[in-house]
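K.L.:
pasted the sequence and its predicted model underneath.
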There are 4 protein chains.
Amino acid sequence: MINSIGRTRWAIAEGYIPKSSHGPEPEMTSHETVCLLNASEQDAHVQLTVYFSDRAPAGPYQITVPANRTKHIRFNDLKDPEIIPRGTDYASVIESDVPIVVQHTRLDSRQAANALLTTIAYADAE
Amino acid sequence: MINSIGRTRWAIAEGYIPKSSHGPEPEMTSHETVCLLNASEQDAHVQLTVYFSDRAPAGPYQITVPANRTKHIRFNDLKDPEIIPRGTDYASVIESDVPIVVQHTRLDSRQAANALLTTIAYADAE
Amino acid sequence: MINSIGRTRWAIAEGYIPKSSHGPEPEMTSHETVCLLNASEQDAHVQLTVYFSDRAPAGPYQITVPANRTKHIRFNDLKDPEIIPRGTDYASVIESDVPIVVQHTRLDSRQAANALLTTIAYADAE
Amino acid sequence: MINSIGRTRWAIAEGYIPKSSHGPEPEMTSHETVCLLNASEQDAHVQLTVYFSDRAPAGPYQITVPANRTKHIRFNDLKDPEIIPRGTDYASVIESDVPIVVQHTRLDSRQAANALLTTIAYADAE
């Protein structure tokens, strides 16, 4: 119903999965999420690369977002090629073969009162 | 007093209405809001489409934002053509016939201490 | 030390000053802030217009940000030409005669545990 | 694995390091962070300038972000040429010799229940 919207190259400079959580899992587990929206008529093949302060990047992680669908991926759940370590600063770059929209969210439940943050990711000019 | 400001196509990749709330309704009900600003001299006719991870999109929802007015719409209150399910990942695309500005906010009151997030939505190039 | 950075027309679609607060004033008073950065060598003369859902806009409010300075203005403190009502949805447009950068922040202390949100405002193309 | 992504001039209009904290240091110390991602194959030499409401800017602070690395810098830890005062409004401009991506985060732990905010910084057109 809509032509594609978005860009093909995105970045998130902030990244940090808290080590601890309060509340029922998995809903209240401390997590970082990358939200991907593919409003086009074609499946999006997405590659996610994770950068660290003191080692070479991890990835790329492969994610498919079907046409006209959204996927909210927890960094906590990424496993292939490797798990993202907890309590560690990271950043990420997201590349897609069709235009998508990317947003970053964290739920921090280290304390009984949880905290939230979000931002639309940085969309690179093309 | 101001000429129009903004764009006609916007997207929000994050969306999630928590299932539960604490505190007096409706002020403290967990909610997701899309804030629409129409600073032009013409009414804006807005179409909102909601995307999911596992089914076809819902909508379009029709919203009119009068000239020189703002409307803060809770996704919780959308009913026609259908209600947005709680506890479900979604994303949205917002299209208008005149330039508008779009911002996304959530109040999460699943816990007694509420949490807030916001971001300006993604504005598509034209 | 830096040439100017930013744009001259900005918008914030979200706006809401909670009616109540917890904690010591003024630090912990529920408030909405517009942060203005003028990194140029000239004073910036800023006009802020506030939009509502059900009445004509208020303003313009006149703010001067000196060269190489930042000003963080609480909407709570705006008085001339009129006070911003509490517990009311609003939005704002910010116009400057020199390029500036605009960011929006809220501290919500309606509950003992405060909540924060922020986003860079929408920068209009020129 | 990726060519560079980002811009060379960024700004953050909000800045404020709360004076007090709750919880174990340094993890739960109230802090403001600037997250820098350098996804290029060259080291990035970054200059950070801090603006205030009532005095001349501080800096530039010199930061190197190696090729294919991210650095999350707490404003709390900046010391050369001077410390950033607590409980004071500020803003910042970030300039790099290669394209980078910049994001701003605050953890506010003045109360036992912490609060978080984040936004991608303003990227200047080039």
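P.N.:
Noted; the coordinates are in hand. Given the structure is predicted, the values throughout are model-derived calculations rather than measurements.

K.L.:
verify the stated contact: residue A:36 with residue A:46.
P.N.:
Yes - Residue A:36 is within contact range of residue A:46, at 6.2 Å (criterion: Cβ atoms under 8 Å). To be clear about C-beta, it is placed using only N, CA and C from the backbone, and glycine gets the same treatment.

K.L.:
hey, what's in contact with both of the two?
P.N.:
A:63, A:65, A:94, A:96, A:100 (Cβ atoms under 8 Å, 6 or more residues apart in numbering or on different chains).

K.L.:
so residue A:36 and residue A:46 - more neighbours on which side?
P.N.:
residue A:36 (28 against 25; other Cβ atoms under 10 Å in any protein chain shown).

K.L.:
so what's that one up against?
P.N.:
Applying Cβ under 8 Å, 6+ apart, the residues near residue A:36 are A:44, A:46, A:63, A:65, A:70-73, A:94, A:96, A:100-102, B:13.

K.L.:
ok, and the most crowded of the shared contacts of residue A:36 and residue A:46?
P.N.:
Going by other Cβ under 10 Å, residue A:100 tops those with 30 neighbours.

K.L.:
any idea which element that one lies in?
P.N.:
strand A:90-108 (DSSP states H and E).

K.L.:
please identify which of the contacts of residue A:36 is nearest to chain C.
P.N.:
residue B:13 (14.5 Å; Cβ to the nearest Cβ).

K.L.:
what about residue A:89, how many residues nearby?
P.N.:
So residue A:89, with other Cβ under 10 Å, has 19 neighbours.

K.L.:
next one: the closest residue to it other than its chain neighbours from residue C:116, what distance?
P.N.:
In space, residue A:89 comes closest to residue D:72 once its chain neighbours are excluded; the distance is 4.4 Å by Cβ to Cβ, 6 or more residues apart in numbering or on different chains. For residue D:72, the distance to residue C:116 (Cβ to Cβ, to the nearest Å) stands at 18 Å.

K.L.:
before we move on, what about residue A:8?
P.N.:
Residue A:8 is 32 Å from residue C:116, by Cβ to Cβ.

K.L.:
more neighbours, those two?
P.N.:
Comparing residue A:8 with residue C:116 by other Cβ under 10 Å, the one with more neighbours is residue C:116, at 24 against 17.

K.L.:
please identify the buried residues of the helix or strand hosting the more buried one?
P.N.:
Assigned by DSSP H and E, residue C:116 belongs to strand C:115-120. Within strand C:115-120, the residues that count as buried by 16 or more other Cβ atoms under 10 Å in any protein chain shown are C:115-120.

K.L.:
where along chain A do the strands fall?
P.N.:
Counting by DSSP state E, chain A has strands at residues A:7-12, A:31-38, A:44-52, A:58-65, A:69-74, A:90-108, A:115-120, A:122-123.

K.L.:
looking at these, which is nearest to residue C:26?
P.N.:
strand A:115-120 (22.7 Å; Cβ to Cβ).

K.L.:
re the thing from before, and the strand holding residue C:116, which strands flank it?
P.N.:
strand C:90-108 (antiparallel) (DSSP bridges).

K.L.:
how far is the strand it pairs with from where the chain is centred?
P.N.:
Here the centre of mass of C-alpha atoms in strand C:90-108, compared against the chain's by Cα atoms, centre = their mean, to the nearest Å, lies 4 Å away.

K.L.:
and that strand, what's buried?
P.N.:
C:90-96, C:98-108.

K.L.:
about what we covered before: now do the strand holding residue C:116, average pLDDT.
P.N.:
Regarding strand C:115-120, the rounded mean pLDDT is 80.

K.L.:
relative to strand D:7-12, how tilted is it?
P.N.:
Counting by axes from the mean of the first three to the mean of the last three Cα atoms, to 10 degrees, strand C:115-120 lies at 140 degrees to strand D:7-12.

K.L.:
what's the angle from strand C:115-120 to strand C:31-38?
P.N.:
Using the same axes, to 10 degrees: strand C:115-120 against strand C:31-38 is 30 degrees.

K.L.:
could you tell me how far strand C:115-120 lies from the centre of the chain?
P.N.:
The answer for strand C:115-120 is 12 Å, by Cα atoms, centre = their mean.

K.L.:
mind checking pLDDT for the closest residue to residue A:84 other than its chain neighbours?
P.N.:
Sequence neighbours aside, residue A:75 is the residue nearest to residue A:84 in space, at 5.1 Å (criterion: Cβ to Cβ, 6+ apart). Model confidence at residue A:75, given as pLDDT, is 92.

K.L.:
give the full set of residues in contact with residue A:75.
P.N.:
Contacts of residue A:75 by Cβ under 8 Å, 6+ apart are A:15, A:17, A:31-34, A:50, A:84, A:90, A:92.
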